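Trainee: only geometry, no sequence info:
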């Protein structure tokens, strides 16, 4: 694999930092924006072979999917330098663009997911940009997500399906904009770091069961107090997140024995941080710092926080 491609792996962060994707596979170049067929994105991601997937130089356009792409193990989708958008076709039942189910070792980086829904601010379940179920070792990085029915990235556990509890998953340095909900996760040892949630009504993030580390995110103009929530016994470590209020200025929702441990939460404006149970194991806090950390700004150092905010705003695909 060319060294300039493998440089991407130096940016891995969070609990999904050991994800290798298609590092040990062969290079696959997508040459068209077709839904399927030879040299298409679907052909690459659904192949049983380990692959590092890129796009042909100068390729641009919209990949309109007629059904979910069923992503196989050992894949890296590397969109650096491409101008490609992924969306779903209209008509019929809604579906998620990429389905990562019961597999492992998947990297998705520098991709643009925009479903172009005008009514994105209405709760209409049925599709996500990426749906992860019973998978492990998944890293999603420097991608953008806009105007989806159900949100950007869902992580779910189906006890009746192969693969077990989702684990060791990271979403980092990405932009989530104009979504009814952002990320709804059921998983253990998962990270949500340095993402920019703007005009997301709720859930950046929601953790239901398991343990999660949310760190260094910029969250602004949200519409419901559930912008950060823990439920069903989940344990959320929220560290160094930055908040700019919108129609709601309340952060945190605790349901069914959910716990949130907060450290150095910074507000650009009038924000209320609801308090509740925070019994998150100290070992998880320590280990989370080792795999992904937040800005080290002192609470009174406004210029440091402004610089951290600018860095998140400048990230993306």
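Mentor: Cool, the structure landed. The model shown is predicted, which means the values in this text are computed figures rather than measured ones.
Trainee: the helices in the chain, which residues?
Mentor: Assigned by DSSP state H, the helices in the chain fall at 3-6, 41-45, 282-291, 302-313.
Trainee: what's the second one in contact with?
Mentor: Spelled out, it's helix 41-45. Residues from elsewhere that reach helix 41-45, judged by C-beta atoms under 8 Å, 6 or more residues apart in numbering: 28, 30, 33, 35-37, 51, 53, 63, 65, 69-72, 75, 77, 86, 98. Bear in mind the C-beta positions are built from the backbone N, C-alpha and C, glycine included.
Trainee: could you do the first one as well?
Mentor: For helix 3-6, contacts defined as C-beta under 8 Å, 6+ apart pick out 23, 27, 52, 54, 78.
Trainee: now for these, which pair is the farthest apart?
Mentor: Spatially, the most separated pair among these is 23 and 54, at 13.6 Å (C-beta to C-beta).
Trainee: quick one, which of the two is more surrounded?
Mentor: Counted by other C-beta atoms under 10 Å, residue 23 and residue 54 do not tie: residue 54 has more neighbours, with 21 against 17.
Trainee: wait, residue 151 sits on residue 182?
Mentor: Yes: the pair residue 151 / residue 182 is scored as a contact, 5.6 Å apart, by C-beta atoms under 8 Å.
Trainee: could you find the closest non-adjacent residue to residue 211?
Mentor: residue 235 (4.6 Å; C-beta to C-beta, 6 or more residues apart in numbering).
Trainee: let me redo that: residue 184
Mentor: Nearest one to residue 184, counting by C-beta to C-beta, 6+ apart, is residue 206 at 4.8 Å.
Trainee: now swap in residue 114 and tell me
Mentor: residue 146 (4.5 Å).
Trainee: again with residue 299
Mentor: residue 264 (6.3 Å).
Trainee: OK, contacts around the one you found?
Mentor: Going by C-beta under 8 Å, 6+ apart, residue 264 touches 239, 240, 294, 295, 297, 299.
Trainee: how many neighbours does the closest residue in space to the third one that isn't next to it in sequence have?
Mentor: Counting by C-beta to C-beta, 6+ apart, residue 240 is the residue found nearest to residue 294 once chain neighbours are left out, at 2.5 Å. For residue 240, the number of neighbouring residues by other C-beta under 10 Å comes to 22.
Trainee: and residue 240, how far from residue 62?
Mentor: As judged by C-beta to C-beta, to the nearest Å, residue 240 and residue 62 stand 36 Å apart.
Trainee: residue 73 too?
Mentor: Applying C-beta to C-beta, the value for residue 73 to residue 62 is 27 Å.
Trainee: who has more neighbours, those two?
Mentor: Neighbour comparison, residue 73 and residue 62: the larger count goes to residue 73, with 17 against 13 (by other C-beta under 10 Å).
Trainee: can you give me the neighbour number for the nearest residue to the more buried one once chain neighbours are set aside?
Mentor: Leaving aside its chain neighbours, residue 73 sits nearest to residue 103 (4.3 Å; criterion: C-beta to C-beta, 6+ apart). Residues contacting residue 103 under the criterion other C-beta under 10 Å number 22.
Trainee: my guess is residue 103 contacts residue 72, does it?
Mentor: Yes: between residue 103 and residue 72 there is a contact at 6.1 Å, judged by C-beta under 8 Å.
Trainee: and the residue nearest to residue 114, what are its bridge partners?
Mentor: residue 114, residue 177 (DSSP bridges).
Trainee: show me the beta-bridge partners of residue 141.
Mentor: Assigned bridge partners for residue 141, using DSSP bridges, are residue 109, residue 172.
Trainee: list the contacts of it.
Mentor: 8, 11, 12, 107, 108, 109, 110, 170, 171, 172, 173, 174.
Trainee: this completes my enquiry, with thanks.
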